[in-house]
Each structure stands twice: as C-alpha cells, then as structure tokens.
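Enquirer: Coordinates for the following, if possible.
(2 chains)
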There are 2 protein chains.
Amino acid sequence: MNIELINTGSELMLGRVLNTHQQWLCRQLADRGYVVSRQVAVADTAAEIQQAVREALSRADLVITTGGLGPTTDDLTRDAIAQLLGRQLHEDAAIAASLETWFTSRKRPMPPSIRIQAMVPEGALVLPNANGTAPGLIMEAPTPAGTPVNRAAWLVMLPGPPRELRPMFNDQVLPWLTRQFPVAEPFTCRTLRTTGIGESAVQERIAGPLADLVKRGLEIGYCARVGEVDVRLIARGKHGASVVAEAESQVRELVGRHIFGVEDDTLEAAVVRRLTERRQTLAVAESCTGGRLASRITDVPGASAVFLGGAVAYSNALKQSLLGVRAETLAAHGAVSEATAREMAEGARLRFGADFALAVTGIAGPTGGTDAKPVGTVFIALATAERTTVLAPVNRYDRETFKNVTSQQTLELLRQELVALPA
Amino acid sequence: MNIELINTGSELMLGRVLNTHQQWLCRQLADRGYVVSRQVAVADTAAEIQQAVREALSRADLVITTGGLGPTTDDLTRDAIAQLLGRQLHEDAAIAASLETWFTSRKRPMPPSIRIQAMVPEGALVLPNANGTAPGLIMEAPTPAGTPVNRAAWLVMLPGPPRELRPMFNDQVLPWLTRQFPVAEPFTCRTLRTTGIGESAVQERIAGPLADLVKRGLEIGYCARVGEVDVRLIARGKHGASVVAEAESQVRELVGRHIFGVEDDTLEAAVVRRLTERRQTLAVAESCTGGRLASRITDVPGASAVFLGGAVAYSNALKQSLLGVRAETLAAHGAVSEATAREMAEGARLRFGADFALAVTGIAGPTGGTDAKPVGTVFIALATAERTTVLAPVNRYDRETFKNVTSQQTLELLRQELVALPA
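Expert: Coordinates of the predicted model:
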C-alpha cells in the first residue's frame, strides 16, 4: 500500500514554522505497519495544491493532506481539491449547526466567514472536529485523467492545528484506515538506542553477523544523532516478529554494552530509572556543560526522587566555595584538569549527601583554548563511595553540540557504573 | 527562480526524527529573497531518491538535497544521483587526506568504510565539511531525458547532520548561490523578536499604524512560538530598505519594550550582552527549571565573563545549605512560594557574590500539584543590590515547554531591569 502525505502552508515554505505533522503522522502510521512513501510540502496556492494532489493520486492508494481547511483567505485546500476532482460543494446542515453551537457555547459571535467550513464536496465523508471548527474530510477519488493507471485512491484531508489534527487522526482516521486498508502482513519494528559508539562502528560489528537474517527479510536501519546511534530492526510477514527478536538478541550480544534503551527511551531516563530502582541519589557539579547535565536529568518526570541537585560552578571562586575544590589544586593543575574534576565530584558527593556525584570541567570554546589544553578538552569524573573515576575525552564541536556530547558521556559514565553494580 | 528541496531519510518516513532541515533551509533562503516552492521527503532507496530528483530537476532551477552522504549502507544519495546523471565517481585526494586528518587529530582509528566519502562524481564542486566527514557537492545537471523542458539545473547535496549542514550552507552554499543566481530585485527582510506579548496583541498594535507602509509594498509576517513572537518586515525593490527601516522604527515605538533582539538573536544572548556592557555579574538559583536557565545562559559564547554560576537546588536540603533558605520559611510557606523564591535569589546573590541573582521555584508537573498550588505554579525572583522583585505566573504546559517558558520569563525579568537602569 502506497501512502503519500501533503502538507500545505506558505509559512512552511518560508521556514517560519517547523513541520511537526510530518513526524507525527509518519510515526503513527509506521507504528501500525503503514509507511508513508513520500511527503511533500507546498505553499497555500490552488495551483500548487492541485499539482501536488494530482501527482500523489497518480501514484498512491491513500493521500493525506494537512492544513488549509479553515475560514481565512489562505485556506484553499478544500476548494482546490473539489475543483481538481470536479465535485460540487454543498452546505452540510450538521456541520453548519455544530459551528453555530461551537460559538454559542463560547458566548462569541460567529464571524460570517466561519460558515464556509460547512461546505463539503459531494460524496465526502465528514470527520467532525472535536477541538476546533474545521471538519476533516475523506473522499474516494479516481486517479486524474492522463495518469498511466486509472484506479480509485482515497484522499484524507485534515485541519492544520496539531490539537485538532491529532485527536481527529487517532479517533476517526485510524479506525477507518484499518477497516479500509487492513495491513496485508504483520509488521514488526524494534529500535535499539546506543551511545558511545559511532555509526560505522555499529554497522561494522553487526552487519556481517546479521547477514543471514537479512536474507530472511530483516531490514536494518541506522539513525545517527550527536552522541547516539539508533539501530532499527524491521521485518514483515508472519515470521517477522521472530526474525526481529533474533536480530535484537544478536545485536545485544554484539554491542549490548552500548544499548541504553529501546524505542523512545532517553539516556537520562535510563539513568533515572536505574537510580530509582536502586533507591540511590545523584548530585552534579558542572563547569563547561553549564547546567545542561542537570537540565537533562530534570527533564525526566519523577527525577526529583533521585536527583538532589547540583552546582553550576563556572567561576573558580564557586568551585572552591560550593564544591570544596582546593586553591592549591586550581593553582597547580588549573580549573580544567583531572585533579579539579576529581575534587569537584568528591566535593559534590560529600557536601550534597548523594550516593553518586558527576562532575565536568572543560573548554567548550569557541575561545579559551591553549596549546596544552585546546578547545574541546574535557575531564569527566564520577565519585562513588568506593572510588572516583575520571574520563578525558576531546570534544571538538560547536558550543551547543559540545554541551550535548559532554553531558551524554557524563550520563553514560554513570550508567555503565550502575549496570556493573550488583542488583 | 524555482528552488526545490529534497530531504532523504527512511527515519523521516518512519517518523523517527523531526525534519528541522526544512524549516532551517527555507528560512535561510527566504530571508535572502529566495523561496522554496516545494519540499519533498523520501526514504533512503536509490529508486525513491532518483525519482524525486528527476521530477525536481524537470521543474526547478536549483535542487537541494539533504542526507545520505555518510559512510553507511543506507547513505545512497551520492551514488544514486551520480547514476541518475550518468557520472563516474572518483576518489578525491584532498578529501581522502582530510578524512585521515579528522580521525588522527581526534586520536581515533578511521574505519575503512569512512573512505567512501572521498568518492566524488566527475565535474562536481566539493564543499569541504569543517564539522564532520562527509563533504557536500554542487553539480550542474541537464534536465533528465523525457521531461518537457531541456535546460541545465543545479544540484546542491548537503550532509544530514545539522551541525555539518548549517555552517556548510552559510559559509559555502550561500556565497555560491548569490553569485550563480543573484536576486532579481533588491530584497530587504528584517525580523524583530519579541517576548512577553501574544501574537494577536502584537498584530492589533501594529497593523493599523503600518497600513500606509503596506500600501507602499511592505509585507508583515508574524510567527508565534512558545513565549516568543517574531515580526517579519519585508519589502522589495530599490525603496525596500527605506520602507523596512521606517516600519522597524514604527514597530519599535509601538511594542519596543518587548523587542529583545533582531534576526537570530536569543533572549539569553541579549541578557549576556547587556551584562557584559555593564561589567556586572549574574548568579542563578533553580529548582523547577532544573538547570535549564543556567544552560541557556551558558549557551552564549563568552558567558563566563558575566555568569558566575549557580545552584540547582531540587531538594529542600540543598535550598538550605547552598542558598541559605531558612527552615522556617520552607515550613511556613513551602518550597514553592514567594518567600522561598525571594530567599533563594537573595541567598544566591550574597553567597555567590554577584550583582544580580535570579531564582525560580515551581511545579513543573506532570505530578506534584495541589488545589492551592496546581501544576504550573511558579515564583520567579530577581535580587539586586536595591531590592528583590517576584513574579508569579502560572505556566500550565508539558514539562519541556514549562522549563522553556519559565526560563524565558526569568531571563526577561532581568532584561527589563537592565534596560531600565541608567547606562
């Protein structure tokens, strides 16, 4: 089955807004075994919308459009598509009544332009909008004249605002879709999330051993973000689930040490989860990451159960007063040194009363580097009751990436410690 | 001039990642008078990529692709396009050498697969990658056989990671583009960035007074994000610059109090800039923002000149020991209260020796709310030598948006103070 997605909106083409519909809709469909083969964004003009829809109908079984169903002059999708398909528009009495109710119940006068949203192409199925005024529409459409194949395709038109589109899609479109286009064969997808290993290194380790499973229908995808590589395992058909399960167990054997989670897990969530299970606490002492480490940890709902807090000690004075780093250490080794990282972590652990403390000191750049300690120099320390461990990576990136990569390595240092500890 | 953008990546079609390239590239182009007429996303298969490129070349003067230039087996864009255009690939010695240097300087072994990135289609202009390994490419391409119009179009291929794509586009593609395709008539664009005022309120205040300039060719665009509204002023032709300048001065008169910057300025950069000019220092004390406030400030290069650091005091114990909040205050008013926010700010200012201190305490959610203090309750304090000011907004959002909005209001409280002070 071939699905195409068309996002309309001049603000998309001008780069004023981020197209979150694409990811959201593709994800909803993919998780249920439907894959969007093409997504197109065009401006709000009738000609652009018609050309995109015509092309999509010539290839696809299902075309989903977003946006352009509202009451303003740049909402052209409904009219443009009705014209393209040669359908008359008529006023739908039920929608007209619900529009009036919507305004009456909010004690607002209904602007006359709103009424245009009750206009429906003949033969269209109406999707009431529980969270706004523009209804969605589902239409069967013969492929346009002049295209090589002549067969029926389906068009689903959804309103642009996410809080209207998402419930309408989940509550009305998905049930229709699974009836109209039942998934031909079972679909299994599993994403394993890794850190501390590069994309090519992951591939080199797993591609050979998985080759037999690939012959049996396994598809392997890699998605690299900064400091993370996702390995996506997909298989179709009735043996798909066992192929993916076998692949997962092989990948875990080959690079399992680097796998911190599955699907939408984050590294910080994995760390908070393990600390919560162990009922142990964490404090942090940050210099060059400047609060990014603490912020990632506190992004996790429930982090307050294990995260006590920390110090962002940018100045040397605060490294001494908040964390107890000794003046002699700073004088002898400098603020960016293994010795300082060690004292920051040990100081944070003792002063804040935590089971574990993480500390980071380094040179984020773009300035502040020297020959001996160039931009990107980092010392990361983990203090536990038994010992303090220090890593010294070199992270040469722009400032934002530096903070992300460094906080990632810092969280991973703790995760590896927690994994190695007896339960 | 007709520009099309093609984003390749199966992870896009599966909804695993958000397509930030579309917004970013469209924005960079639109700000310089170039508009993308169509954006397409397809999976990483040679057939899909070739079909999308063939179609785009049949319509566009310039086609920009993103992704698929890396070293793994799903990086197919370079090969698929070379094959489509009938170009041989050869190894570029300069790229091969720079790949080796990239790994040597980072003290990492170079995986053999990396070398494929030195393969370049004949006739292509190579764009060195300062922030990664995959070079970009620019090629002139005749439109494919069978398309109605036969003329040359240009293809620009960019790597997928944003930190590689963005500097490559700004430093190498834009200068090439403005030489190869100069904008037909002068184009002036100015973006004013506001905070603390809603989209409709901005529009209500400025639309009437700017109506005369609109008659003279001014285009006004609004873009609302959480906690921010951009006002975009555009005019074309030789009088465009003076129309936009006049519009800017009117907007500044009407809503200038809310304008924190222009173009890509951030609020945190505006705050750091003003502190740097005044040679004054800042410390922060965070509870519910969990380090997000400090992290935003330290995102600004050079922040270390004015930012001393701060405390992320999630637990009550740390609020007392690090910031000197009194046990009686916590007992009488609770951790989320005006009195606690005040003591956190005053404590941070005195203990960390800063001219200004910001403090935040609140309930981010999703749990932890009560009838008296529901999720979203926040107290924000600014302590100066003269006085302490406290704001009490209610920020009912998801956790991530809560942290962003709350840190935005906190930074804006300080910016307003700095603006009001004598120079």
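
Enquirer: thought residue A:315 was touching residue B:308?
Expert: Yes - with contacts defined as CB atoms under 8 Å, residue A:315 counts as touching residue B:308 at a distance of 4.6 Å. Glycine gets a C-beta too; all of them are placed from N, C-alpha and C.

Enquirer: For the stretch 1-150 of chain A, give me the ranges with low pLDDT.
Expert: A:73, A:143-150 (pLDDT under 70).

Enquirer: where along the stretch 301-423 of chain A do the helices fall?
Expert: A:316-323, A:327-333, A:338-352, A:399-420 (DSSP state H, counting those that start in this stretch).

Enquirer: Any idea which of the ones you listed gets closest to residue B:263?
Expert: Nearest to residue B:263 among those is helix A:399-420; the distance by CB to CB comes to 17.8 Å.

Enquirer: if we can go back for a sec, name the stretch among the helices of the stretch 301-423 of chain A that sits most buried.
Expert: Ranked by mean neighbour count under mean count of other CB atoms under 10 Å in any protein chain shown, the helices of the stretch 301-423 of chain A are led by helix A:338-352, which reaches a mean of 24.

Enquirer: can you tell if that helix touches chain B?
Expert: Yes - using CB under 8 Å from any CB of the partner chain, helix A:338-352 reaches chain B at A:351, A:352.

Enquirer: Between helix A:316-323 and that helix, find me the angle.
Expert: Angle of helix A:338-352 versus helix A:316-323, following axes from the mean of the first three to the mean of the last three CA atoms, to 10 degrees, is 40 degrees.

Enquirer: what's helix A:338-352 packed up against?
Expert: strand A:282-286, strand A:307-313, helix A:316-323, helix A:327-333, strand A:356-362, strand A:378-383, strand A:388-391, helix B:316-323 (3 or more CB pairs under 8 Å, 6 or more residues apart in numbering or on different chains; DSSP states H and E).

Enquirer: which residues touch that helix?
Expert: By CB atoms under 8 Å, 6 or more residues apart in numbering or on different chains, the residues outside helix A:338-352 that reach it are A:283-285, A:287, A:308-311, A:313, A:319, A:322-326, A:329-330, A:332-334, A:354-361, A:379-384, A:388, A:390, A:392, B:318, B:321.

Enquirer: Show me how chain A divides into domains.
Expert: Following automatic domain parsing, one gets these domains for chain A: A:3-180, A:187-262, A:267-420.

Enquirer: residue contacts, residue A:250?
Expert: Counting by CB under 8 Å, 6+ apart, residue A:250 has contacts A:206, A:209, A:210, A:213.

Enquirer: hmm, back to that, could you dump the domains of chain A into a markdown table and include distance to residue B:61?
Expert: As requested, the domains of chain A are exported to a markdown table (distance: least, CB to CB, whole Å):
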| stretch | distance to residue B:61 |
| --- | --- |
| domain A:3-180 | 16 |
| domain A:187-262 | 32 |
| domain A:267-420 | 32 |
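
Enquirer: hey, which of those is tucked in deepest?
Expert: Among the domains of chain A, ranked by average contacts under mean count of other CB under 10 Å, first place goes to domain A:267-420 (a mean of 21).

Enquirer: Compute the first-to-last residue distance for it.
Expert: End-to-end distance for domain A:267-420, by CA to CA, to the nearest Å: 16 Å.

Enquirer: quick one: which of the contacts of residue A:250 is nearest residue B:419?
Expert: Closest to residue B:419, out of all of the contacts of residue A:250 and judged by CB to CB, is residue A:206, at 56.0 Å.

Enquirer: how close does that closest one get to residue B:315?
Expert: Computed as CB to CB, to the nearest Å, the residue A:206 to residue B:315 distance reads 42 Å.

Enquirer: Quick one: closest of the domains of chain A to residue B:56.
Expert: Closest among the domains of chain A, once you apply CB to CB, is domain A:3-180, at 10.8 Å.

Enquirer: Identify the residues contacting stretch A:383-402?
Expert: A:226, A:288, A:338, A:341-342, A:345-346, A:348-349, A:355-359, A:362, A:364-366, A:374-382, A:405-406, A:409, A:413, A:417, B:105-107, B:131, B:163, B:299, B:301.

Enquirer: any idea how far it is from the chain center?
Expert: Distance of stretch A:383-402 from its chain centroid, counting by CA atoms, centre = their mean, to the nearest Å, is 25 Å.

Enquirer: Just the C-alphas of it, formatted as PDB.
Expert: Output of stretch A:383-402 as PDB, limited to C-alpha atoms (Å, rounded to 0.1, in the frame of the first residue of the first chain):
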ATOM      1  CA  ALA A 383      32.600   9.800  42.500                       C
ATOM      2  CA  THR A 384      31.100   6.800  44.400                       C
ATOM      3  CA  ALA A 385      31.600   5.600  48.000                       C
ATOM      4  CA  GLU A 386      34.400   3.300  46.700                       C
ATOM      5  CA  ARG A 387      36.300   5.300  44.200                       C
ATOM      6  CA  THR A 388      36.500   8.200  41.700                       C
ATOM      7  CA  THR A 389      36.800   7.500  38.000                       C
ATOM      8  CA  VAL A 390      37.900  10.200  35.500                       C
ATOM      9  CA  LEU A 391      37.500  10.200  31.700                       C
ATOM     10  CA  ALA A 392      39.300  12.700  29.500                       C
ATOM     11  CA  PRO A 393      37.600  12.800  26.000                       C
ATOM     12  CA  VAL A 394      38.400  15.500  23.500                       C
ATOM     13  CA  ASN A 395      35.100  17.000  22.200                       C
ATOM     14  CA  ARG A 396      35.800  19.400  19.400                       C
ATOM     15  CA  TYR A 397      32.300  20.700  18.400                       C
ATOM     16  CA  ASP A 398      30.300  23.900  18.300                       C
ATOM     17  CA  ARG A 399      29.300  25.000  21.800                       C
ATOM     18  CA  GLU A 400      25.800  23.500  21.800                       C
ATOM     19  CA  THR A 401      26.900  20.200  20.400                       C
ATOM     20  CA  PHE A 402      29.800  20.200  22.900                       C
END
